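Colleague: what's the 3D shape of this:
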Amino acid sequence: MLWRRRIEPFTRPLVYAFFRFRRGLTLGVRAVVTNDAGQVLLLQHTYIHGWYLPGGGVERGETAETAVVRELEEEAGVHALSRPRLVSAHSNEVVHPGDHVLVYRVDAWEPCASDAAGEIHELGWFDPHALPDDVSPGTRRRLAEVFGGAQVDPMW
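Modeller: Okay, the predicted model is just below:
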C-alpha cells in the first residue's frame, strides 16, 4: 500500500479531472437582501418570466462568497458592507443536473452602480409574507425558509 502513497500526488490531478468530466458540477449563489422596512429584494430578468433572488454562477477561481457580492453589485446595485452569511445549500438536480445553489443573507449594504447590461428588467422590494404571484417556486421556498420558519429543503 505504500506505493499508492508515492503515486497519489501524481495521479490525484488525473482522478479529479476524470470526476469533474464524469460528474460535472456547477455552483450558483443567491442572496436574500433586506432593507430597513424588512422587505426583501427581488428582480426580474429580461430573459425569463418571474421574480427571483439576485445571484448567478460562481466563476472559475472565484469563491462563492465573492460571487454573491459580485452578482449583487452587477445585477442589483447593492454593495455588501459586511460578509454575506451562508444560510443554506441546495441541489438543483431536477432543473440543471449537477447544479447546486448556495443561499446567502445580506443585511448591511449600500447602493452602488449596477452593471446589469440589459440582463435585469426590474428590481422590487417586497414584504416576504406578501410576495407577488409570479415569484419563482424556488425563490418562494427559500423565503419561506428564511422568514417563515420552514424547514430547509435540500432540493432547490
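
Colleague: all strands for this protein, in order.
Modeller: For the chain, applying DSSP state E gives strands covering 26-33, 40-45, 55-57, 78-80, 85-91, 99-106, 109-111, 120-126.

Colleague: report the residue spans of this protein with pLDDT below the cut-off.
Modeller: Counting by pLDDT under 70, the chain contains low-confidence ranges at 1-5, 8, 12, 15-23.

Colleague: among the strands of the chain, which is nearest Glu145?
Modeller: strand 85-91 (6.5 Å; C-beta to C-beta). (C-beta placed from N, C-alpha, C; glycine too.)

Colleague: reformat the strands of the chain as TSV; add distance to Leu72 and mean neighbour count.
Modeller: Shown next, in TSV, are the strands of the chain (distance: least, C-beta to C-beta, whole Å; neighbours: other C-beta atoms under 10 Å):
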stretch	distance to Leu72	mean neighbour count
strand 26-33	5	22
strand 40-45	9	20
strand 55-57	8	18
strand 78-80	4	19
strand 85-91	13	16
strand 99-106	7	21
strand 109-111	8	13
strand 120-126	11	14
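
Colleague: wait, which of those strands is closest to Thr66?
Modeller: Ranking those by proximity to Thr66 (C-beta to C-beta) places strand 26-33 first, at 9.3 Å.

Colleague: contact partners for Asp153?
Modeller: His90, Arg141, Glu145 (C-beta atoms under 8 Å, 6 or more residues apart in numbering).

Colleague: actually Pro13, not the one I wrote
Modeller: Going by C-beta under 8 Å, 6+ apart, Pro13 touches no other residue.

Colleague: separation between the most centrally placed residue in the chain and Val103?
Modeller: Centroid-nearest residue in the chain: Val29, 1.6 Å away (criterion: C-alpha atoms, centre = their mean). Taking C-beta to C-beta, to the nearest Å as the measure, Val29 falls 8 Å from Val103.

Colleague: any idea how far the nearest residue to Leu131 once chain neighbours are set aside lies from Val146?
Modeller: Spatial nearest neighbour of Leu131, chain neighbours left out: Arg140 (6.4 Å); criterion: C-beta to C-beta, 6 or more residues apart in numbering. Taking C-beta to C-beta as the measure, Arg140 falls 11 Å from Val146.

Colleague: kindly report the same for Ala76.
Modeller: 17 Å.

Colleague: the two: which has the busier surroundings?
Modeller: Counted by other C-beta atoms under 10 Å, Ala76 and Val146 do not tie: Ala76 has more neighbours, with 23 against 19.
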